[in-house]
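*Asks:* need a 3D model of the sequence below.
(5 chains, ligands or ions: 4)
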Amino acid sequence: MSAASWRVDIVVRAGDFRVAARMRGDAAPVVVIGPNGSGKTTLLRAIVGARAPELGRIEVGDAVLFDAKGEIALPPEARRVGYVPQGYGLFPHLTVAGNVAFGIPAAAAPSRVERRRLARDALAETGCEAIANRYPATLSGGEKQRVALARALIARPAILLLDEPLAAMDPAARRTLRASLARRLLDGGRPAIVVTHDARDVFALGAPRVYALEGGEIVQRGAPEELAASPATGFIAEFFAAGSGA
Amino acid sequence: MSAASWRVDIVVRAGDFRVAARMRGDAAPVVVIGPNGSGKTTLLRAIVGARAPELGRIEVGDAVLFDAKGEIALPPEARRVGYVPQGYGLFPHLTVAGNVAFGIPAAAAPSRVERRRLARDALAETGCEAIANRYPATLSGGEKQRVALARALIARPAILLLDEPLAAMDPAARRTLRASLARRLLDGGRPAIVVTHDARDVFALGAPRVYALEGGEIVQRGAPEELAASPATGFIAEFFAAGSGA
Amino acid sequence: MTPPQPPTARVPLLAALPMLALLALPLVALAGASSPGDIAVGARHPLFLPALWLSARTTVVTVAIIVLAGTPAAWWLATRPGRAPRIVEVLVDLPIVVPPAVMGIALLEAFGRNGLLGPALAAVGVRIPFTTPAVILAQLVVAAPFYIQGSAAAFRRIDPELILVARSLGKSAAGAFLRVVLPLALPGMIAGAALAWARALGEFGATLFFAGNFTGVTQTMPLAIYTALESDTRLAIALAVVLVGASALLLLPLRAVPALVSRRLGAPDPASPHHRSPS
Amino acid sequence: MTPPQPPTARVPLLAALPMLALLALPLVALAGASSPGDIAVGARHPLFLPALWLSARTTVVTVAIIVLAGTPAAWWLATRPGRAPRIVEVLVDLPIVVPPAVMGIALLEAFGRNGLLGPALAAVGVRIPFTTPAVILAQLVVAAPFYIQGSAAAFRRIDPELILVARSLGKSAAGAFLRVVLPLALPGMIAGAALAWARALGEFGATLFFAGNFTGVTQTMPLAIYTALESDTRLAIALAVVLVGASALLLLPLRAVPALVSRRLGAPDPASPHHRSPS
Amino acid sequence: GSTESGPEPLRVFAASSLTDAFGEMAVAFERLHPETEVVLVFAGSQVLRAQIERGAPADVFASADPGQMKALQRAGLVAEPQLLAGNELVVIVPPSNPAGIERFGDLVRAERLVLGSPGVPVGSYAREILRRAEAGGPPGFAEAVLGRVVSQESNVRQLRAKVEMGEADAAIVYRTDAATAPVRAVAVPAGANVRARYLIGVVKGTRKTEAAGRWVGFAASSQGRDLLSRHGFITDSPADFVANDNAGARHE
Ligand SMILES: Nc1ncnc2c1ncn2[C@@H]1O[C@H](COP(=O)(O)OP(=O)(O)OP(=O)(O)O)[C@@H](O)[C@H]1O
Ligand SMILES: Nc1ncnc2c1ncn2[C@@H]1O[C@H](COP(=O)(O)OP(=O)(O)OP(=O)(O)O)[C@@H](O)[C@H]1O
Ligand SMILES: [Mg+2]
Ligand SMILES: [Mg+2]
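*Replies:* Ligands and ions are numbered 1, 2, ... in the order given. Coordinates of the predicted model:
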């Protein structure tokens, strides 16, 4: 398998809820859409290693992250999966700069000065220079989300999982960050799975493939244009209709 | 002042940040827009009573909630202000039904059966019947937000403050809840202040007046069409442009 | 199928073992030092039943008072900003530092005939030293700090946003406290109450000095054990084993509650591989 | 301008007062019972300095061991689901219930010449009872439960999501523990350590039995106070007042830390009218 | 003295009530035998006994309670113990003497009397005295006095502290305890008094048998007896002690 291709084929359970997903991708970002409670977050959490699937296999590049048959389950730190959770997951005891620097791999920046510079650059990219020395408790919702995004990007993971990464952002920030994210993902040649409720994200990210999840099952997959043109469900139809300003 | 009219004229500080706002409204919902960190949440929290303004006065109907000169500062429970915070604020020790029933005023439903029926109705309106007996920790992001909304609506407050109440919802839920919210707010004749990053919310709610906040100051106010037509700032222009599908 | 577990899962138990073993060892040695026969003799000893009954009664009253009067103190310490509460907090710690016998003297200086409150108490015809209330007072002073500090720590971790929301939904400060703060702090409060109860049950020195050693009136289990020690070490050990056994039975349900409640609230996922799963 | 305060702000202090007064009263009475002259005599007494120094040394070592070995135990108790940890938790409580004198016997039964580990220890030439390590061991057993339970409660309140995020950012389980769990649990851990330290400092009964009353070797402050009590009650009180005063000075900075850290993390807003503001 | 360097010291385990007397005796002994360092360990006799039973490094044991000594002797842990000294009981009252107790018979006037628990020697002795006083005097005396008891205490320290603090109007303690504390002593009639016996013995298995023997000998020497009697102990005629044996024997 090429370094940037990945494959997820799992059944995962959260309480009574069950998600069965078979997905694959390469360096281009993949988008997951679906109504509230359809299992998008559950799916991402299984990939990052928060929850062990009941069945199946997860591969990213040459690494097998999970294999029920082979009894393989890498711990989260060995998976090289970057994760921006829906609730941001900022460390309350670290400043914004500290949160971002937390993700810098030791190999990437051996010196303190270098690390600080990297963190500052990442914060600048998400428009957060001004809040670098503040603690998360004092941030606005959108500010928190930007910091979480900057932290995940700096870690240079093998695959990036973003759970509604722009939901709390204002329209201007949404537009610039969407563009910067698209550039980052495509330039870096690193795969990503992005969950979103906004069809404009799908197009702006240039995602070649969308998976639509409903009730824990993948109900449709394909290029965004395909799904928009012939939606398999009412939800998919509405999703793309809303995104085009209806 | 009529029972449904309100007036907010305050200066409030959060750390180094300062918001100065002069707003008024009546039974029709008022929308507040602004970039991340412009002070929208700070403003709502001052009205609900989380933070005492440095100066000014807050009136809703015949009640003075706050008056710096008169040294009046009603405690939150006396303000009859319904509040859906950006972080949902669900009680983790209560089920979804328990969370919603928490808001029912004793006068509205003296009997247990009645209270349960009211809670069930409110949950049905936000599409949450199925999760009534679950605890918040197991809910998806959109589900949490729906519950928070149902809980605030059932309390029948004198004024309703909604902080990005639809941000985590899927497009279909957004559309139905927007409509149901608009109906509720107009039918009930109760004022509301809604913070949103989505221009479609402004129009769907039928808000006659929008306040645009930037850097803690109100930079423009007027009918949504007015702001869309002649935006005072780049952000306002982008806000309405994004909402029309650009 | 059990999901495969990461290799790190078992390290903490290994690291935890030395301390757990150290705490268990004296208890095991104690149990080993007394035969079932000794225990039967202990249970039939005339000191035993009155002392056990007195210990049970007094510690229940003590813990009830500690919870009722200590909860507001803990809330005050947890929520009041500024320097004063920090100083008060140290004051709350200090009774732990005072060696129990000295605490007995201190209580006499406070409540005794010539003590600070003595004349006032005498004027209303109340004599505290050498009575069962003195036993409770001694237990209160030595055990309350553990409850207060435990529940203050629990209160500190309540998200103020939840209180705000409860109050915006029409609950008074007291109502929000009862319906939101208390249920959320319950695990920490119960853990603190368990420590305080255990400490009250083991209280010896202050009681001995302040309340004396009167069978049925002030002779709690620790005092009975001490008295038995005077004549018969094996009897004393047997009584101690019974005390420890009875306490274990009472602590077990108490200790189950916080874990149950926390599990539901935080919902740390049992299927999550980065948490240890039962094995 | 001070923002106007809601009328409920002062109720909790009123409710907190009875308990705080009860805890303060014996200390005040104790201080009142000893004059500066007494204290000067106490400070010059030949027992005083060796005992104070021994208490300081041993309690520091004790608390260090408790924190090092107790933290993994607390983490295990806090994160391990299932029934076993609940039972272990009760085991951790039990040393508190055992009257200290009996704990001294139990330690002799465990580590003494004829105790469980006695022969094994003798074989490697180690004798523990009646030595300074015995003092530390006695303090360990009676004080560790307070630290373990306090920090387990703190660990239980850590959001598992934060650990997951830390590990997804490349930190090992141990790394996430050190860089995320520890700093967040620090206030609770320090509060527990303060209680444990206070308890170790006041420890008397188990030390007397297990370590004996050897000046300079095992005679800690509480034992010195006990010895002084034999000939002179006022001297004993003066020594106790010095002990309490010294402890207060050491506890004050310790107690300031948790409040500072919590304030930063939770950022409960000092301007918020539904929190009490300093007045 | 420090035990950290030099040869092993002589460890003398002694009942708490010997604290002051043995403290002085150690100074005198070390002056006489500079090669021997003495370490004194004070605790209740029953604590010391439990420690010696469990291997405490004691060389000499001095007990205030013959029962504890005999138990160790029976267990083969102490060689033939000797009589160290005797102690008498006295009534103590606060300096202000609120109940106006001037004579032993005034004990009935005490509103608050504290006695040792029946289980501890000082408590048994006190009850024995009351019994004897009644036998030789007014009927119902013992019962009347016992009716005034507000607390039973586990050791002499506690009895004395309560009188010192004015918490009790009177207590019955050892004469030696009355000597040091700010209290007034009221004598017990000679016919009613009992004598407590302090026994001293060398612990078996000690490597310091010689030094231990020297300590016991020093305590019995005229210098040692002088010192003890200055602290209120009775060192005159050993024969007097036999009569009270049963009081101590209850604790074996
Ligand atoms: N422990 C649990 N017990 C029962 N149901 C659970 C549990 N955990 C999650 N669920 C349910 O699983 C479903 C999927 O949740 P998930 O968080 O994956 O949804 P989602 O697709 O991310 O939704 P959203 O768009 O609202 O974020 C939800 O209906 C949720 O209520
Ligand atoms: N305690 C504080 N100290 C310093 N700055 C603060 C503090 N609290 C809030 N702020 C700042 O005040 C500004 C306004 O915050 P607020 O939460 O009101 O923004 P918002 O308009 O709601 O933004 P968003 O759309 O992201 O939710 C932010 O820049 C925030 O960082
Ligand atoms: Mg989700
Ligand atoms: Mg906001």
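*Asks:* so residue E:236: helix, strand or coil?
*Replies:* coil (DSSP: H, G, I helix; E, B strand; the rest coil).
*Asks:* what about the residue of chain C found nearest ligand 4, which helix or strand?
*Replies:* Proximity of chain C to ligand 4 (CB to the ion) peaks at residue C:161, 12.7 Å away. For the C-beta atoms, the positions are set from N, CA and C on the backbone; glycine is no exception. Assigned by DSSP states H and E, residue C:161 belongs to helix C:160-168.
*Asks:* what's the pLDDT at the residue of chain C closest to ligand 4?
*Replies:* For residue C:161, the model assigns a pLDDT of 91.
*Asks:* quick one: the residue in chain E that chain C sits nearest to from ligand 4, how far?
*Replies:* Per CB to the nearest CB, residue E:151 is where chain E lies closest to chain C, at 3.1 Å. From residue E:151 over to ligand 4 the distance is 66 Å, taken as CB to the ion, to the nearest Å.
*Asks:* number of nearby residues for the nearest residue to that residue once chain neighbours are set aside?
*Replies:* Nearest non-adjacent residue to residue E:151, counting by CB to CB, 6 or more residues apart in numbering or on different chains: residue C:212, 3.1 Å away. Using other CB atoms under 10 Å in any protein chain shown, residue C:212 is surrounded by 30 other residues.
*Asks:* doesn't residue E:152 make contact with residue C:212?
*Replies:* Yes: contact status for residue C:212 versus residue E:152: in contact at 5.7 Å, counting by CB atoms under 8 Å.
*Asks:* intersection of neighbour lists for the two?
*Replies:* residue E:114 (CB atoms under 8 Å, 6 or more residues apart in numbering or on different chains).
*Asks:* any idea how far residue C:57 is from residue A:12?
*Replies:* 54 Å (CB to CB, to the nearest Å).
*Asks:* what ranges does the stretch 101-250 of chain E have for its helices?
*Replies:* E:121-135, E:141-146, E:156-164, E:175-180, E:209-220, E:222-230, E:245-249 (DSSP state H, counting those that start in this stretch).
*Asks:* just checking, what packs against the first one?
*Replies:* With contacts taken as 3 or more CB pairs under 8 Å, 6 or more residues apart in numbering or on different chains; DSSP states H and E, helix E:121-135 sits against strand E:82-93, strand E:113-116, helix E:141-146, strand E:170-174, strand E:195-202, helix E:245-249.
*Asks:* okay, now the unreliable bits of chain C?
*Replies:* C:1-11, C:258-279 (pLDDT under 70).
*Asks:* returning to that earlier point: quick one: the helices and strands packed on helix E:121-135 as a markdown table, columns for mean pLDDT and mean neighbour count too.
*Replies:* Listed next are the helices and strands packed on helix E:121-135 as a markdown table, based on pLDDT from 0 to 100; neighbours: other CB atoms under 10 Å in any protein chain shown:
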| stretch | mean pLDDT | mean neighbour count |
| --- | --- | --- |
| strand E:82-93 | 92 | 23 |
| strand E:113-116 | 90 | 26 |
| helix E:141-146 | 88 | 17 |
| strand E:170-174 | 92 | 29 |
| strand E:195-202 | 92 | 24 |
| helix E:245-249 | 40 | 16 |
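*Asks:* quick one on the thing from earlier: so for residue A:12 and residue C:57, which sits in the more crowded spot?
*Replies:* residue A:12 (27 against 14).
*Asks:* still on that earlier bit, my guess is the residue of chain E closest to chain C meets residue C:214, correct?
*Replies:* Yes: applying CB under 8 Å, one finds residue E:151 in contact with residue C:214, separated by 6.4 Å.
*Asks:* which residues do these two both contact?
*Replies:* Contacts common to residue E:151 and residue C:214, judged by CB under 8 Å, 6+ apart, are residue C:130.
*Asks:* okay, those two: which has more neighbours?
*Replies:* residue E:151 (27 against 21).
*Asks:* which residues in chain A form helices?
*Replies:* A:40-48, A:76-79, A:96-102, A:112-125, A:141-154, A:171-188, A:199-204, A:224-229, A:234-243 (DSSP state H).
*Asks:* may I see these arranged in JSON lines, with mean pLDDT and distance to residue A:162 as well?
*Replies:* Converted to JSON lines, those look like this (pLDDT from 0 to 100; distance: least, CB to CB, whole Å):
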{"stretch": "helix A:40-48", "mean pLDDT": "96", "distance to residue A:162": "8"}
{"stretch": "helix A:76-79", "mean pLDDT": "90", "distance to residue A:162": "16"}
{"stretch": "helix A:96-102", "mean pLDDT": "93", "distance to residue A:162": "16"}
{"stretch": "helix A:112-125", "mean pLDDT": "88", "distance to residue A:162": "15"}
{"stretch": "helix A:141-154", "mean pLDDT": "92", "distance to residue A:162": "7"}
{"stretch": "helix A:171-188", "mean pLDDT": "87", "distance to residue A:162": "8"}
{"stretch": "helix A:199-204", "mean pLDDT": "91", "distance to residue A:162": "10"}
{"stretch": "helix A:224-229", "mean pLDDT": "94", "distance to residue A:162": "17"}
{"stretch": "helix A:234-243", "mean pLDDT": "89", "distance to residue A:162": "17"}
